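A.B. asks: the following block contains a protein sequence and its predicted model.
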Amino acid sequence: MNPMGLYEDKRKRTHTPEGYELLTHESGHLEYDFNWHLGYYWSKFLAGLKEKKFLATKCSQCGMVYMLPRMVCGRCFLDMNEWVEVGPEGVLEGFTIVRFPYIDPNHGGMKQVPFTSIWVTLDGANTRMMHYCNETDEKNLEVGMRMRAVWSEERTGSIHDVAYFEVIRD
Ligand SMILES: [Zn+2]
């Protein structure tokens, strides 16, 4: 059996393995533009990224600093109104190198692989955030490594204003 059989393009098939014709129903064309309100916390966080700042929320009772910021402390159940800047460097907490392509919901095309998804705790924060790393060879990555955010040239108030994180090699 072809070990890549799992990944063959099934759209090229005209019949099932048993000989039945594969049928198609045309149901029209669907476009679905939509947007949503991000709210105060996400708006402030993303506006901060435009200015190359990671803005986190800090609990006034236990002192936990949340990155990504959230409204309510998960320990104390108190609203958090204090904002602190964290990063842009931090510690690699975990990573996954993805080599299996899939449809990227950001643009509908195939996700370029390989890419590395990481958990990073930014300096000054107590929680970790997810992002990407430009290193795609697992032999060059190790939990505990120091990481640095690399900013996109054009920033629009999106999580992609951080292009990726890179390993700090000194
Ligand atoms: Zn708290």
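C.D. replies: Alright, I've got the coordinates.

A.B. asks: ok, the residue nearest to Lys58 when sequence neighbours are not counted - contacts?
C.D. replies: With sequence-adjacent residues excluded and distances taken as C-beta to C-beta, 6 or more residues apart in numbering, Lys58 is closest to Glu82, at 4.4 Å. All C-beta spots, glycine's among them, are computed from the backbone N, C-alpha and C. Going by C-beta atoms under 8 Å, 6 or more residues apart in numbering, Glu82 touches Thr57, Lys58, Cys59, Ser60.

A.B. asks: now swap in Val84 and tell me
C.D. replies: Going by C-beta under 8 Å, 6+ apart, Val84 touches Leu55, Ala56, Thr57, Lys58, Val65, Gly124.

A.B. asks: re the thing from before, the contacts of Glu82 also near the ion: which ones?
C.D. replies: Cys59 (C-beta under 5 Å from the ion).

A.B. asks: specify which member of the contacts of Glu82 is nearest to the ion.
C.D. replies: Cys59 (3.1 Å; C-beta to the ion).

A.B. asks: which pLDDT value belongs to the closest one?
C.D. replies: You'll see Cys59 listed with a pLDDT of 97.

A.B. asks: for the most centrally placed residue in the chain, give its distance to Ser27.
C.D. replies: For the chain, the residue whose C-alpha lies nearest the mean C-alpha position (C-alpha atoms, centre = their mean) is His131; its distance is 4.3 Å. Relative to Ser27, His131 is positioned 37 Å away (C-beta to C-beta, to the nearest Å).

A.B. asks: same check on Arg13?
C.D. replies: 20 Å.

A.B. asks: more neighbours: the two, which one.
C.D. replies: A direct count of neighbours by other C-beta atoms under 10 Å for Arg13 and Ser27 places Arg13 higher, at 10 against 6.

A.B. asks: distance of the residue of the chain most remote from its centre from Arg13?
C.D. replies: Distance from the centre of the chain peaks at Gly19, with 42.9 Å (C-alpha atoms, centre = their mean). Distance, Gly19 to Arg13, by C-beta to C-beta: 12 Å.

A.B. asks: mind listing the strands the longest strand along the chain pairs with, and their directions?
C.D. replies: Criterion DSSP state E: the longest strand present in the chain is strand 89-98. The pairing partners recorded for strand 89-98 under DSSP bridges are strand 115-122 (antiparallel), strand 146-151 (antiparallel).

A.B. asks: so where is this structure shaky, pLDDT-wise?
C.D. replies: 1-11 (pLDDT under 70).
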